[in-house]
Structure formats: C-alpha cells, structure tokens
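> Got a predicted structure plus its sequence, pasted below:
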Amino acid sequence: MTKAEQIRELFGQGVSTAEIARRLEIRYQHAYNVLRRSGLLLTGKVSISQNMQGQSPPALSKEELLAGGFIDSCLWKLDEQDRLCVPAELPKSPGVYAFCEGDTVKYVGLASMGLARRLRFYARPGKSQRTSLRLNALIVGATQAGRAIGIQYCLPEATAWNGLPVNTAAGLELGLIQAYSLPWNIRNSR
C-alpha cells in the first residue's frame, strides 16, 4: 500500500491529519496535500463559505499547530501581584503566535514588531491598546481560575510571488482566523 493510500485510509477512519503524519512518520504538509488533492479536506475557502451558511468552522487544536511547525514555548504566569508575565525568552523576530487552553487554540495573532515585544504588550497593556487589554483580562482570568494558557509560535520566512514580496506570517494568521473557530479572536466571531 502506498503512503498516499495509507493517508487516505487513516483519514477515512477518522484520524486527524496531524495524527496521520505522526503515525506514518511523514511531514504534516505531505499528509495534508494528499488529502487536499484527493478532495477529502475542506480548503480555507470552503470553510469560510460554510461559516457564511451558518455552519461553524472547526476548532483548531494545539496538536495541529505543532504538526504544522509551531513551537510550544511556555505558559503564561502571574507574578506576586497577579500581573501577567511571560516566563520565557521569546524571539525578537516577527512571527505568528497562538494562545492555547489545553489542546484548544483560543487566539491567533501576528507579531509584526517581533514576538517578544508583542507579547510584552499583553503583559503590560497601555490604556489605548484595546486588544492587549482584552486579552490580558482573558489570560489573567483563566490563569487565576487555574486554567493554563500556553504560548505557541512560528517564524515563517517571507517569500515572493512573481517578484513581489509576500508576508507569509500575515497570510498564515489570516488563514487560521478564517478557517477555524478561535473564540478570543474578534475577527473570527461573526
């Protein structure tokens, strides 16, 4: 049986794309491409269309992020004054980040100014930073209630299309927001 046939068979048994990649010891992208070309996976456009027809997009799992190349970094922590702090050193490079509660991705964002700097704004938001204030309250509330909120990130390389620059990170963030149910993303709620 070929790898493609194995991928399709496992998918038919209800196994997730990430788990298929892990079981067959192949890249997630390989499994995804086989399923997409076979017409078995919904593309982002179909998911967006379904959402407009009243069908909810699927939740995004931490497992899918990690299989897609995200790095599992750390958990948000509270200091002695119950203020949010990032307990790990994060890259200064631009990238895409996600906040997960357990295995469920709650929020996806773009750090065009660099991950370390962007996440510091969540820990110490300015009075006019509405998104940072809102996310700070959600993360602090979850953490105080004993729910761990993890930070995952990736640093996709910029590329070009027909000689024009393409911001891969911005496209990845938007694609995730459009294709998945992310309850803390306002753009996601319709």
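Ah, there it is. Values in this document were obtained by computation on a predicted structure and should not be read as measured data.
> Show me the strands in the protein, by range?
For the chain, applying DSSP state E gives strands covering 71-75, 77-78, 84-85, 95-101, 104-111, 149-154, 159-161, 164-166.
> what's the average pLDDT for the longest one?
So that's strand 104-111. If you average the pLDDT over strand 104-111, you get 96.
> quick one: contacts of that strand?
Applying Cβ atoms under 8 Å, 6 or more residues apart in numbering, the external contacts of strand 104-111 come out as 59-62, 65, 94-100, 117-119, 135, 138, 149, 152-153, 169-170, 173, 176-177, 180, 182-185. C-betas here are computed from N, CA, C, even on glycine.
> any residues touching the lengthiest helix in the chain, and which ones?
Ranked by residue count and defined by DSSP state H, the top helix of the chain is helix 130-144. Residues outside helix 130-144 that contact it (Cβ under 8 Å, 6+ apart) are 76-78, 82-84, 99, 101, 106-107, 121-123, 125-127, 149, 184, 186.
> From those, list the buried ones, please.
Among these, the ones that count as buried by 16 or more other Cβ atoms under 10 Å are Trp76, Leu84, Phe99, Glu101, Lys106, Tyr107, Phe121, Tyr122, Ala123, Pro125, Ile149, Trp184.
> isn't the last one right up against Ala98?
No: using Cβ atoms under 8 Å, Trp184 is not in contact with Ala98, being 10.0 Å away.
> tell me the mean pLDDT for the longest helix of the chain?
Helix 130-144 shows an average pLDDT of 94 in the prediction.
> in the protein, what spans have low per-residue confidence?
41-55, 187-190 (pLDDT under 70).
> can you pull out the helices in it?
Secondary structure of the chain (DSSP H): helices at 3-12, 17-24, 28-37, 44-52, 62-67, 115-123, 130-144, 168-179.
> Right, I'll call it a day here.
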